[in-house]
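Peer 1: this one's sequence-less:
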């Protein structure tokens, strides 16, 4: 089972084409300068990398440590959040000397998922106890979920993209993803690729995963635009509670895979809906996506009616 997992992981484009150096990453110039300075000085302080999902926090951490040829382990804070993981995995690694005589590092992904009553407080002591031998790099989406005492022991780097930088970074990513598609020998329409990037930007991981999914057919073309581009007017109709246009939209898109429509709403929920409405939306998706129905058009229309009545838009 373990070998099967490794094989699948190596086939994921997000892993196969993950940048190996700081300069290869797609980040604002000022962030690259910060991380490159750590590499140049051959010293990475304890860090808290904070920002939206998929923006490159873990990628830059790995790139720095790979360039320094440092030993490191990765702990997923959302999956391995209890105190036993801290004591067994982290303590065992942090307390042993590196084979190369250099400093070791622990990358804790999604650290905002760590238990704030037990694991996070214990980490404070670990950071100090093993400071000579081991450094810590935390990544999180929500900085306020990290205890102040833990934040205070780290240099905080916020991953923010200014509007003036957005177009340039999106273009860099477009060039990178088309390079991947060329290597994988996948035919593609540039407009279709651009549409996916625009839809999920700046979640680079999500963009790559979506394009790998669509590439399974051997071609990424305008066929995917019916879902991505066609959703834009639909969101407006739902927001305006314009049932006539919603019903018309459903009738015109009955040939589309309904699952991809539900998936689109799930993936882009934070872009269109108020935070307190997202759980409601997820429950509605689960209710209608898995429902047995004689008429899929009516089922989809009913889903949108409930969304209009129950969810608050941004």
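Peer 2: Okay, I see it. Quick caveat: nothing in here was measured; it's all calculated off a predicted structure.
Peer 1: how near is the most centrally placed residue in the chain to residue 267?
Peer 2: Geometric centre of the chain, nearest residue: residue 54, 2.6 Å, by Cα atoms, centre = their mean. Distance, residue 54 to residue 267, by Cβ to Cβ, to the nearest Å: 11 Å. Yep, even glycine has a C-beta here, placed from its N, CA and C like the rest.
Peer 1: what do these two both touch?
Peer 2: 200, 206 (Cβ atoms under 8 Å, 6 or more residues apart in numbering).
Peer 1: about what we covered before: tell me the contacts of the residue nearest to the centre of the chain?
Peer 2: 200, 202-207.
Peer 1: Among the residues you listed, the buried ones, what's the ChimeraX command?
Peer 2: Selection of buried members from the contacts of residue 54 for ChimeraX, criterion 16 or more other Cβ atoms under 10 Å:
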select :200,202,203,204,205,206,207
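Peer 1: Between the contacts of residue 54, which sits nearest residue 50?
Peer 2: Among those, residue 202 lies closest to residue 50 (Cβ to Cβ), at 14.2 Å.
Peer 1: hmm, back to that, would you say the residue nearest to the centre of the chain is within a helix?
Peer 2: No. Assessed with DSSP: H, G, I helix; E, B strand; the rest coil, residue 54 is coil; it does not lie in a helix.
Peer 1: Find me the pLDDT at it, would you?
Peer 2: With respect to pLDDT, residue 54 scores 88.
Peer 1: Can you give me the distance of it to residue 243?
Peer 2: 34 Å.
Peer 1: Flag every buried residue along stretch 243-254.
Peer 2: For stretch 243-254, burial by neighbour count (16+ other Cβ under 10 Å) applies to 246-247, 249-250, 253.
Peer 1: Tell me where the stretch 201-314 of the chain has strands.
Peer 2: 219-220 (DSSP state E, counting those that start in this stretch).
Peer 1: where exactly do the helices run in it?
Peer 2: 204-215, 225-228, 231-239, 243-252, 258-267, 269-272, 278-289, 296-310 (DSSP state H, counting those that start in this stretch).
Peer 1: Pick out the shakiest of the ones you listed, pLDDT-wise.
Peer 2: Minimum mean pLDDT among those: helix 225-228, a mean of 58.
Peer 1: could you pull out the helices for the stretch 1-150 of the chain?
Peer 2: 2-11, 13-16, 29-41, 57-67, 83-85, 91-95, 119-129, 148-151.
Peer 1: how about these, which one is nearest residue 172?
Peer 2: helix 29-41 (11.0 Å).
Peer 1: outside of that closest one, which residues touch it?
Peer 2: Counting by Cβ under 8 Å, 6+ apart, 22-23, 25, 27, 44-45, 60, 63-64, 67-68, 157, 159, 165 sit against helix 29-41.
Peer 1: again, only using 10 Å
Peer 2: Outside helix 29-41, the residues that touch it by Cβ atoms under 10 Å, 6 or more residues apart in numbering are 21-28, 43-45, 47, 49, 51, 55-56, 60-61, 63-68, 155, 157-162, 165, 168-169.
Peer 1: before we move on, what about stretch 304-314?
Peer 2: 234-243, 246-247, 249-250, 261, 265, 269-281, 283-285, 287-288.
Peer 1: Next: stretch 274-291.
Peer 2: 258-259, 261-263, 265-266, 269-270, 272-273, 296, 299-304, 306-307, 310-314.
Peer 1: Please list only the buried members of these.
Peer 2: Of the contacts of stretch 274-291, these count as buried by 16+ other Cβ under 10 Å: 258, 261-263, 265, 269, 272-273, 299-304, 307, 311.
Peer 1: from those, which single one is nearest residue 133?
Peer 2: residue 269 (42.8 Å).
Peer 1: Let me see the contact set for that closest one.
Peer 2: 275, 277-279, 281-282, 285, 311.
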